[in-house]
Structures are given as structure tokens and as C-alpha cells.
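Participant: A predicted structure for the sequence below; I have some questions about it.
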Amino acid sequence: MNALLDLFTVVMVCAGVFFFFAGSIGMLRLPTTLSRLHALTKADNLGLGLVVLGILPRVDGPLDGLKLVLVWFLVQVSAGTVSQLIAVLVRKQGEVEP
């Protein structure tokens, strides 16, 4: 059973790293600010969720697991809020049409 948990952890963390990498490439390659923002926030949120999911079986107790999930939730909320603020600023500057 321990080997299955090790395999699950490795697969989930590697998948999370893949999405972090994909989001970073999207940020560098996409043409507009809004498309870069979309690629980065979506891929990074999914990547962090997969990393947290992979680490959860390795925590010492339920309180530590709750802390990991809380950090992931706070990143979700802050990324959504910041991306909305950046999108409003980009629209006010006239980079895209409404």
C-alpha cells in the first residue's frame, strides 16, 4: 500500500509541475495581456491543486491537511481577485475593446 501512495504522490506532483510549466510557457508565448493572464491563472491553480492533492497522503495529521487545503483555497481566491483587477486595468488603458 505504501508503494501505491508513493506512486500517487509522484504522479500528482509531476502533473502539477507540468501545469505550472505549461502556464509559464503560455504567459511567455501568448500575444495579449488578457490571454496571458488567463493561461497563467488557470494552469497555476490546477497545478497547485494537483501538488496539494499529491502531498495530502503524506501529511502527519488532519490539521496539516486542512492547512494545505486552506492555502490552496486562499491562492484560488487571491488569483481570481487579482486577475479581475488586472483585467479592469487593462481595459481602462485601452489595450482591448469591451
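Facilitator: Now that the structure is in, tell me what you want to look at.
Participant: any idea how far residue 7 lies from residue 33?
Facilitator: To residue 33, residue 7 is 40 Å away according to CB to CB, to the nearest Å. Glycine gets a C-beta too; all of them are placed from N, C-alpha and C.
Participant: of the two, who's got more company?
Facilitator: Between residue 7 and residue 33, residue 33 has the larger neighbour count (other CB atoms under 10 Å), namely 16 against 10.
Participant: is it true that the more buried one touches residue 90?
Facilitator: Yes: contact criterion CB atoms under 8 Å: residue 33 and residue 90 qualify, at 5.0 Å.
Participant: pLDDT score for the residue nearest the centre of the chain?
Facilitator: Most central in the chain under CA atoms, centre = their mean is residue 45, positioned 1.9 Å from the mean C-alpha point. Residue 45 carries a pLDDT value of 91.
Participant: Please verify my assumption that it contacts residue 78.
Facilitator: No: counting by CB under 8 Å, residue 78 is not a contact partner of residue 45; they are 10.3 Å apart.
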